[in-house]
Every structure is written in structure tokens, then in C-alpha cells.
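Participant: Generate coordinates for the sequence data below:
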Amino acid sequence: MCSSRCFGGTDFSPRWEHTCLPMKEIFVIKVLVVDDSAFVRRTLIGIIEKDKDMKVVATASNGEEAIAMAKQHDPDVITMDVEMPKVNGLQALEQIMKTNPCPVIMVSSLTKEGADVTLRALDLGALDFMPKLNSGSVADMQHLESELTPKLKALARRKAFMRLKFRSATGTTPTAAAATTAVRPAPKIGAGPAGPFDLVAIAVSTGGPPAVQKVLSALPANFPAPILIAQHMPAAFTGPFAVRLDGLCKLSVKEAEPAERVKAGHVYICPGGKHLRLENRGGVLTAVVTEEPKTALYKPSANVLMETVGLTLGRRGLGVTLTGMGNDGLEGSKVLKAKGGWAIAQNEASCVVYGMPKAIVDANLADEIVDINDMAATILAHFAGRV
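Facilitator: As a prediction, the model looks like this:
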């Protein structure tokens, strides 16, 4: 029999919508918006609440208020400004991860300083970032809406994961870098690698910086092949990202130049807003930075990287697809596999967003499905006897 709430009665569970015949429950995502600008707060509220699956349950104009609102409202996801009075975004983020861990998207300026702060925030537990709104133009608003809404909905699903990651049974709080999933399924392993391999290509998006750091920091300085990376990231961020990794890893890491010979033990990160191609120029493997195709949805494009690795190296190319939204890399991986290359996908349990790897797995392209904590060891296994 129907509940009275279906006929206008009081609904004591505001996070759920109730209908009849049959009874259906729809989860509503609770969002906390944190920004010291009233204009930005109003703008974000307007965008978020256009989606029936999301509701802004509270706002805060500084980090101190954000900490209090996170405790009071237990949001499913938070948008967090960086520069705020009293307590800034990084300080608030660090405290929230200790007391009420949940997915956080940082709102950052597209500058070198903004990149440095954002990368620090990702170390502290933020899952992603978005550019600060520069104006109220129709184009800016449409771009922000197209980026923000799917990110909030995807990251909100990771709330339980965040609780597990930042809270232990004893009440201690592990760091983002040290936390791991409690139980990891054994990796799916193919019949046998195509190699030996001459190069590793990595495709990654949402949740990528900590994942890439985890993999690269576990590889030795004498790793016997170059590594090329297409990370969805703004142009102002890829340079600082490369510098940061270079200081943390034994490998040499740099932002790729327009055209350069790739070397073993070196990592080349595609500049934001461009694409990275692998070419054989007179017998020399060359990383080429290009603006083509200009029509690509993502810049850098994982499809461009994986496709050119397949066309250039065939069975000697190793492709790795890590956490990320969407399916960028799928078409390129089809080419890589058709040419005899080997494909590794990150497993669902360890992904921030299981989108890009899922596309590879669902298309039966993945030769191995591996937890991020095992990814470096898995890659190294394919170079056994050469390290």
C-alpha cells in the first residue's frame, strides 16, 4: 500500500524521492559549495540545481565555515575554493579529510601558482579540480556546466571509498599516498605479452596525478624504455606537474617539447591543449607535440597517443589506461591491439572514476586488469631481465 508521502504527506527523508506503482527511490547528491565570492556561489548553485539528481545543502564563504558545514550536513561532494579568508582551501581540505572525508573538487586559477596549489590539494585527498570562473559570459557558463555536472555526479559515488581511505578502524587517518584498498582481486592476465616492448604509453584523466605519481615513483632510474603520458590537464598545469614528478621520481620527467628523440628512463608528459604523437623518423623514435587534430574532444587525446604507438611500434608497444571519465583512449587502443600491442587497464576498485579503463575492459581489449598499487610491478614484469 502506498505511503501517505506519495499523496502530499510529509517526507522525512529529503535525500529520496518517492513515487508509486512501483515504489522507486532516487538518490539525490548533496553538495557543499565553498567560495568567498557570492557571485561564484550563486553561479555554482544555479548550475548544480539544474540537475534534478543534485542539491546544494549548504554554502560557505571561508574554510572555517566549510569545516563546520561538512560536519553538519555530511555532503556527498564538495566544491572548494583555494584562496579564502580565515582558513584557506588547503587548510580546510586537510581538516575535512580528518573529520568528514568525502570527495572534493578544487576550484583553481589556471596559473602556475594555481597548478602548484592544486597538485598539493590532490596530495591531501582532493579528487579533481576545475578552473575558476573568469566571467559570466554564456560561453564560460556553458563550459563550466558541461565540466562540473558530470564530475560532481561521478565523484559523489566515491564517498564510501573516501571514508575507507581516510579512516581506519583505530581512528587514525592515513595519508592519501599511503592509503590502499583493503582487499584487491588478483589481476586478469592474458595469454602472454606481445613484446619485448620498446615504449610505454599511459592514458589518464580524472584522479590521474596521484595515480601517475604512484606508478612512476616505483619505477627505477634504469627503466629500459621511454614513457609517454597523455593526462587530461590544462596547459598551465602540465609543466608544474612534470617538474613535481621529476623531483619525486628516480626517472627523469619533463614536459614534452615539439619534437624530440625519446630515451629510456625518461618520461614525457604531453603539454595541455596539445597532442602527443609517436613517430619513427629515420629509425629514431620521436615524440611529436602537435595541435592536430584540432577537433579532438580532449587535448591531450589518449586516442592520438595510443593510435600512433600502435602504428609505430605494433607488438612492441605497451599501453596503460588509468583512472578517468569518458572513453578517451578506446579507439586508439583498438589500433594498438590490432597491430599486436599489449593493453593494461586499471581495475575498478582502485580508480577514482572507472570510465576510461572500463571502456577498454568492456571492449575486451585489456590483456591485464590491475590495481593501481600493483601497476608499477606489473609494468616492470614485462621488462624482466632488462632492468
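Participant: And for residue 59, the neighbour number?
Facilitator: 20 (other CB atoms under 10 Å). C-beta here means a position set from N, CA and C on the backbone, and glycine is covered the same way.
Participant: I'd guessed it sits against residue 42; true?
Facilitator: No: look at residue 59 against residue 42 with CB atoms under 8 Å: they stay out of range, at 9.1 Å.
Participant: Overlap of the contact sets of those two?
Facilitator: Listed as contacting both residue 59 and residue 42 by CB atoms under 8 Å, 6 or more residues apart in numbering is no residue at all.
Participant: Shouldn't residue 201 be within a strand?
Facilitator: Yes: counting by DSSP: H, G, I helix; E, B strand; the rest coil, residue 201 is part of a strand.
Participant: Bridge partners for it, pull those for me.
Facilitator: On the basis of DSSP bridges, residue 201 is bridged to residue 228, residue 319.
Participant: residue contacts, it?
Facilitator: Shown in contact with residue 201 (CB under 8 Å, 6+ apart): 227-230, 278, 305-306, 309, 317-320, 336.
Participant: Repeat that for residue 254.
Facilitator: Residue 254 makes contacts with 242, 246, 266-269, as judged by CB under 8 Å, 6+ apart.
Participant: Keeping just the C-alphas, turn whatever helix or strand residue 80 lives in into PDB.
Facilitator: When elements are assigned from DSSP states H and E, residue 80 belongs to strand 77-81. Taking Å, rounded to 0.1, in the frame of the first residue of the first chain, the C-alpha atoms of strand 77-81 are listed here in PDB:
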ATOM      1  CA  VAL A  77      30.800  16.000  -2.600                       C
ATOM      2  CA  ILE A  78      32.300  19.500  -2.100                       C
ATOM      3  CA  THR A  79      33.500  22.200  -4.400                       C
ATOM      4  CA  MET A  80      36.400  24.000  -2.600                       C
ATOM      5  CA  ASP A  81      37.900  27.400  -3.400                       C
END
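Participant: can you give me how far it is from the chain middle?
Facilitator: Distance of strand 77-81 from the chain centroid (CA atoms, centre = their mean, to the nearest Å) equals 16 Å.
Participant: again, but for stretch 50-57
Facilitator: The chain centre lies 23 Å from the centre of stretch 50-57; the measure is CA atoms, centre = their mean.
Participant: what's next to it, contact-wise?
Facilitator: Against stretch 50-57 from outside (CB under 8 Å, 6+ apart): 26-33, 44-45, 48-49, 73, 75, 145, 149, 152-153.
Participant: Narrow those to those in helices?
Facilitator: Using DSSP state H, the subset of the contacts of stretch 50-57 located in helices is 44-45, 48, 73, 145, 149, 152-153.
Participant: Kindly write the ChimeraX command that selects the buried subset of those.
Facilitator: Selection command for ChimeraX covering only the buried members of those, criterion 16 or more other CB atoms under 10 Å:
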select :44,48,73,145,149,152
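Participant: ok, which pair from the ones in helices among the contacts of stretch 50-57 is furthest apart?
Facilitator: 73 and 145 (23.2 Å; CB to CB).
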